[in-house]
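Participant: Predicted model, plus sequence, below.
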Amino acid sequence: GRRAALGRSLTAMAEGGGRASAAVKQDEAKGKGKQKQEKLDLQPPKGTRDFYPEDMRQRTWLFDEWRKVARMHGFEEYDSPVLESEALYVRKAGEEVTQQLYNFEDKGGRRVALRPEMTPSLARMVMAKGKGLTLPVKWFSFPQCWRYERMTRGRRR
């Protein structure tokens, strides 16, 4: 029973079978064929940008100024999940919008998308509150949004 199985496992390992860590397999592959490692692209993905500390200082200052003005006029800041149901965007813009979404099926089998804009999320949130909201709604947001589209000169979303 168990002794025989253990003996077979030890024999297989001694003969090069059995399990090996990814690092061991990688080292073995390097020794055999000197696989080429792909050069790492240091640019952010197309349509995105990095904010280095000097850029972030400027952005933070600007957003803080906008926040002050919005609050002076009675607006409140809100946010929503970065990940939304794909159906939310299809309902607003039609099936063709899926070509402009960063969308995928999650581990639960649901179709989701990174938000390309805030309007559908805002509408969903307002509808979820229903009659419990005081009108007019005075909310503002500085969302991060992702839309897959060709960038044109001088235009950033």
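Facilitator: In hand now; what should we look at?
Participant: Tell me if I am right that V112 is in a helix.
Facilitator: No. According to DSSP: H, G, I helix; E, B strand; the rest coil, V112 belongs to no helix; its state is strand.
Participant: Over to Q43. Which of the three states is it?
Facilitator: Judged by three-state DSSP, the three-state class of Q43 is coil.
Participant: Tell me how many other residues crowd it.
Facilitator: 8 (other Cβ atoms under 10 Å). Quick note: C-beta positions are derived from backbone N, CA and C, even for glycine.
Participant: Pairing partners for the most centrally placed residue in the chain in the sheet, please.
Facilitator: The centre of the chain sits closest to L114, judged by Cα atoms, centre = their mean, with a distance of 6.2 Å. Each beta-bridge partner of L114 is listed here, defined by DSSP bridges: L83.
Participant: thought it was touching L83?
Facilitator: Yes. Taking Cβ atoms under 8 Å as the definition, L114 is a contact partner of L83 at 6.4 Å.
Participant: per-residue confidence for the nearest residue to F104 once chain neighbours are set aside?
Facilitator: The shortest distance from F104 to any residue other than its chain neighbours is 6.6 Å, reached at V112 (Cβ to Cβ, 6 or more residues apart in numbering). Confidence at V112, expressed as pLDDT, is 97.
Participant: any idea how far V112 lies from P143?
Facilitator: Shown here: V112 relative to P143, a distance of 16 Å by Cβ to Cβ, to the nearest Å.
Participant: Who has more neighbours out of these two?
Facilitator: Comparing V112 with P143 by neighbour count (other Cβ under 10 Å), the higher total belongs to V112, at 19 against 13.
Participant: The protein: helices as residue ranges?
Facilitator: The residue ranges that make up the helices of the chain, judged by DSSP state H, are 2-14, 22-33, 53-72, 86-93, 119-129.
Participant: got the contact list for P116?
Facilitator: By Cβ atoms under 8 Å, 6 or more residues apart in numbering, P116 lies in contact with 89, 97, 100-102, 145-147.
Participant: Just among those, which is most surrounded?
Facilitator: The residue in the contacts of P116 with the most neighbours, by other Cβ under 10 Å, is Y89 (23 neighbours).
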